[in-house]
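Novice: Here you go, sequence then predicted model.
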Amino acid sequence: MVALAPWCPYGEPVAHLRDKDVVVLHGERDRVTDPRASAVFLHRARTAGARTDLLPGADHAMLRNSTRRHRTTATAVARLLSRQVPP
């Protein structure tokens, strides 16, 4: 899963993320969704057995330095896809 500035409510279930990859790009200056809630969600997911990564940004729109964010997102998706076993 790759999430861009997600809404991660406290108490959101995480058990189903065991052995899954969870990557969140979330700006520390986001005023629309809470970047601290994303960090807590990732910590809980990691505790449940997920592989997690939190990548910082700027604000919710992530318009500044967008080339870096696009590249980071594409790299994360490519990495996730390379781990998939073909049918």
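Specialist: The structure has been received and is ready for your questions.

Novice: From R29, how far off is T67?
Specialist: As judged by C-beta to C-beta, to the nearest Å, T67 and R29 stand 18 Å apart. All C-beta atoms are positioned from the backbone trio N, CA, C, and that covers glycine.

Novice: of the two, who's got more company?
Specialist: Neighbour count, other C-beta atoms under 10 Å: between T67 and R29, R29 has more, with 11 against 7.

Novice: That one falls within a strand, correct?
Specialist: No: per DSSP: H, G, I helix; E, B strand; the rest coil, R29 lies outside any strand segment and is coil.

Novice: so how far is V14 from it?
Specialist: 25 Å.

Novice: T52 touches A39, doesn't it?
Specialist: No: judged on C-beta atoms under 8 Å, T52 makes no contact with A39 at a distance of 9.7 Å.

Novice: Who are the contact partners of E12?
Specialist: Neighbouring residues of E12 by C-beta atoms under 8 Å, 6 or more residues apart in numbering: F41.

Novice: isn't there a strand covering it?
Specialist: No: assigned with three-state DSSP, E12 falls outside any strand and is coil.
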